[in-house]
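Trainee: A predicted structure for the sequence below; I have some questions about it.
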Amino acid sequence: MTEKKPFGLVYVVDDDANVRKLVAVALKENGFEVHEFASGEDLLDGVKRKLPDLVILDWMMPNMDGLAVCGRLKLEKDTKAVPVIILTAKTEEDDCILGLEIGADDYLKKPFSVKELVTRVKAMLRRKEYVNPAPIKDEIFEIGDLKINVANRTVVKSGKFLNLTMKEFDLLVNLINERSKVMTREQLMSRVWSAEFSGDARTVDVHIRYLRQKIENRPESPVYVRTVRGIGYRIASLEELAG
């Protein structure tokens with residue numbers, strides 16, 4: 001009888017041994033291989049030895065918290081494509097959005113349902129295209145006074161570099177790549193957050209607001225990123241920008 005191959009390797013990081021064990025047992029019962037880590041530092045050592053398919057990461061940990069660990073993972077070439085689910089006791093919307101902004105792919109508020117967590121892990125790992133979900137047709141875009149270099153992930157406006165976050169950059173590129181077509185909030189969430197994200201669609205609105213503050217001359221009257229009421233967003237056409 002052949003041994004059944006695990007669905008994927010999941011790293012569980014939490015300084016609370018009881019939480020680690022609860023999550024690990026549930027994942028193992030659902031066919032996953034699981035490695036447990038008591039700190040962010042231990043996890044960062046672990047990914048150097050073997051890359052996981054997904055990381056479940058507690059936010060509130062001593063020394064290096066979950067956001068710092070997530071940021072490190074998303075900055076490194078070898079680990080930036082590994083999806084991260086953050087577990088958090090924080091309930092404020094801005095806190096959760098901050099976690100996503102750092103690069104987390106999803107979050108779950110404590111106390112959480114283990115069944116829901118397992119469901120989210122399965123959904124995220126089904127999305128094999130999460131490494132590069134949106135096909136990029138060109139490496140350099142020029143629109144109005146914006147110049148976007150996809151390879152270098154830089155945006156220049158009127159000769160000055162803009163300090164866009166990872167998610168702001170990805171939102172902008174996805175909108176430009178659609179050439180004035182309307183993208184729904186759900187489509188943007190799926191592409192930019194790279195998973196079947198189950199959070200609030202207002203996350204997109206918040207990030208669009210931040211993006212406009214950086215690329216628009218008058219964010220309250222945006223020229224580049226247009227709102228399509230009740231649907232989503234689109235990038236302005238060349239005709240609109242010329243007019």
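Mentor: All right, it came through fine. Residues are numbered from 1 along each chain as shown.

Trainee: this structure - how does it break down into domains?
Mentor: 9-126, 140-242 (automatic domain parsing).

Trainee: in CSV, list those domains along with mean pLDDT and mean neighbour count.
Mentor: Using the backbone N, CA and C atoms, a C-beta is placed for each residue, glycine as well. CSV is the format used below for these (pLDDT from 0 to 100; neighbours: other Cβ atoms under 10 Å):
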stretch, mean pLDDT, mean neighbour count
domain 9-126, 87, 18
domain 140-242, 86, 16
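
Trainee: those helices in the protein, which residues are they?
Mentor: 17-29, 40-49, 66-75, 93-102, 114-126, 166-177, 185-192, 202-215, 238-242 (DSSP state H).

Trainee: and the ones you listed as TSV, adding distance to Val155?
Mentor: Converted to TSV, the helices of the chain look like this (distance: least, Cβ to Cβ, whole Å):
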stretch	distance to Val155
helix 17-29	38
helix 40-49	30
helix 66-75	18
helix 93-102	16
helix 114-126	28
helix 166-177	7
helix 185-192	15
helix 202-215	7
helix 238-242	16
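
Trainee: so for Val10, which of those sits nearest?
Mentor: Across these, Val10 has its closest neighbour in helix 17-29 (5.5 Å, Cβ to Cβ).

Trainee: what angle sits between that closest one and helix 114-126?
Mentor: Relative orientation of helix 17-29 versus helix 114-126 (axes from the mean of the first three to the mean of the last three Cα atoms, to 10 degrees): 60 degrees.

Trainee: what sits up against helix 17-29?
Mentor: The contact list for helix 17-29, computed with Cβ atoms under 8 Å, 6 or more residues apart in numbering, reads 10, 12-14, 34, 36, 38, 56, 58, 87, 114-115, 117-118, 121.

Trainee: just stretch 68-82 next, same as before
Mentor: Here stretch 68-82 has contacts from 13, 40, 43-44, 47, 51-55, 57, 61, 84, 86, 99, 102-104, 130-131, 166, using Cβ under 8 Å, 6+ apart.

Trainee: residue contacts, the spatially closest residue to Leu162 that is not a sequence neighbour?
Mentor: Leaving aside its chain neighbours, Leu162 sits nearest to Val155 (4.5 Å; criterion: Cβ to Cβ, 6 or more residues apart in numbering). Val155 is in contact with 146-149, 161-162, 164, 169, 172, 215, counting by Cβ under 8 Å, 6+ apart.

Trainee: at 7 Å what do you get?
Mentor: 146, 148, 162, 164, 169 (Cβ atoms under 7 Å, 6 or more residues apart in numbering).

Trainee: just checking, the fourth one touches Arg212?
Mentor: Read that as Leu164. No - with contact defined as Cβ atoms under 7 Å, Leu164 does not count as touching Arg212 (11.5 Å).

Trainee: return the set of residues that bridge with Leu146.
Mentor: Ile143, Lys157 (DSSP bridges).

Trainee: what do you get for Glu33?
Mentor: Bridge pairing for Glu33 - DSSP bridges - gives Leu9.

Trainee: ok, now Val228?
Mentor: Gly232.
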